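Trainee: quick one: sequence and predicted model below, then my questions.
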Amino acid sequence: MRNNKVLFLVEAAIFSALAILLDVLPFLSFKLWAQGGSVSFAMVPVFIMAFRWGIKGGITTGLLLGFYQLLLGAYIVTPVQTFLDYIVAFGVIGLSGIFAQQVWKAAAARENKQIVGWIVAGVFIGSALRFISHFVAGIAFYGSLAPEGTPVWLYSLTYNGGYMLPTFILCSIILGLLFVQRPALLTHKAA
């Protein structure tokens, strides 16, 4: 039991560090907007932890990623905006772990279509919740950046959807391929 707790902490630290690395390496992310927002692989390690350890693993890793984002130069307007754009937005990615048991069962039964289906559902939940957090922050705090005549909600929808939709698709493909090819990655038993 103690070994599993240590393994969980080590994996959360490693996967969150990998996530921030995937986000900051210039050849692994594509910035779409000057103020931030990029298509990157950064959420993949958070999703891996969510599918390996469930909600607890995903949220822990997502929160660590959010804190790392803050440490490496966040775009801060207010404390509430910072909380929404970094703590909440990255923490809720881990809620994709609600489908962890279904993914485990599908992997044990070697049901590849089910594995992919549950992974896409989980990635959708995590991505959608992250999008909602950024969308609300965009409406509340970035309205002044909207082009004249453009409703703030439409600006926030376009801005945040512009990078979250491709990121959702990218993460779904990568994780689907990864877990179908290597379902053993879903296990987390310590020796």
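Mentor: Done, it's in.

Trainee: all helices of the chain, in order?
Mentor: Read by DSSP state H, the chain holds these helices, from start to end of the chain: 2-24, 43-53, 55-71, 79-82, 89-91, 100-108, 112-141, 152-181.

Trainee: go through those helices and pick out the most buried.
Mentor: Across the helices of the chain, the average number of neighbours (mean count of other C-beta atoms under 10 Å) peaks for helix 43-53, which reaches a mean of 27. Glycine gets a C-beta too; all of them are placed from N, C-alpha and C.

Trainee: determine the set of other helices and strands touching it.
Mentor: helix 2-24, helix 55-71, helix 100-108, helix 112-141, helix 152-181 (3 or more C-beta pairs under 8 Å, 6 or more residues apart in numbering; DSSP states H and E).

Trainee: which of the helices of the chain sits closest to residue 188?
Mentor: Nearest of the helices of the chain to residue 188, taken as C-beta to C-beta: helix 43-53 at 5.0 Å.

Trainee: and that closest one, average pLDDT?
Mentor: pLDDT averaged over helix 43-53 equals 97, rounded to a whole number.

Trainee: give me the contact list for it.
Mentor: Contact partners of helix 43-53, identified using C-beta atoms under 8 Å, 6 or more residues apart in numbering, comprise 8, 11-12, 15-16, 18-19, 22, 57-62, 65, 90, 93-97, 99-100, 103, 119, 122-123, 126-127, 130, 167, 171, 174-175, 178-179, 185-188.

Trainee: so the nearest residue to residue 76 once chain neighbours are set aside versus residue 154, what's the distance?
Mentor: Spatial nearest neighbour of residue 76, excluding adjacent residues (C-beta to C-beta, 6 or more residues apart in numbering): residue 82 at 5.0 Å. Here the criterion is C-beta to C-beta, to the nearest Å. By it, residue 82 lies 24 Å from residue 154.

Trainee: now swap in residue 49 and tell me
Mentor: Distance check for residue 49 against residue 154: by C-beta to C-beta, it reads 34 Å.

Trainee: just residue 59 next, same as before
Mentor: 31 Å.

Trainee: over to residue 102?
Mentor: For residue 102, the distance to residue 154 under the criterion C-beta to C-beta works out to 36 Å.
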